[in-house]
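> build me a model:
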Amino acid sequence: MVEQESDTQLTAILKAAADPTRRALMTLLAQHGPMRVTDLARHFQMSLNSVSKHIKVLEAAQLVSRRTEWREHLIELKTEHLSQVDLWFQSLRSIWAMRLEKLETLIDKDDDNDNRD
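Okay, here's the model as predicted:
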């Protein structure tokens, strides 16, 4: 069940990060730290409501969190779940490493056969 939960989380992260606006929001938060929604919206040519909708998608994927200080809503990047993306990429890299090793073995065998001729 844990594997299924992490797969669901990975899917949510990848879907949320697929949008360039949401990636830009995450980049801004990584560069500047927690920001107000209105400050984030100034970086985009879209309505505050549209930026809020993007933030809600990031919140649902647990990539950002919202905290309230007095009357201000601060949005903060949460990087802990991004490790799931890294783990997935590591598994892809290991598959490619195995494929490259097999290719290298085949090339070495072919070179040995050419040297015998």
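> alpha carbons only for contacts and neighbour counts from here, please
Fine.
> where does this protein have low pLDDT?
1-6, 93-100, 102, 110-117 (pLDDT under 70).
> now the strands for it?
Per DSSP state E, the chain carries strands over the ranges 35-36, 64-69, 72-77.
> distance check, Gln62 against Ala16.
10 Å (Cα to Cα, to the nearest Å).
> looking at these two, which is more packed in?
Set Gln62 next to Ala16 and count neighbours by other Cα atoms under 10 Å: Ala16 wins out with 23 against 19.
> tell me the contacts of the more buried one?
Arg22, Val57, Leu58, Ala61 (Cα atoms under 8 Å, 6 or more residues apart in numbering).
> for Leu10, see how far away it is.
Relative to Leu10, and taking Cα to Cα, Ala16 is found at 10 Å.
> burial of Val51, as a residue count?
21.
> ok, the residue nearest to it when sequence neighbours are not counted - contacts?
Excluding the flanking residues, the one nearest Val51 by Cα to Cα, 6 or more residues apart in numbering is Ala41, at 6.0 Å. Each residue near Ala41 by Cα under 8 Å, 6+ apart is listed here: Ser47, Leu48, Val51.
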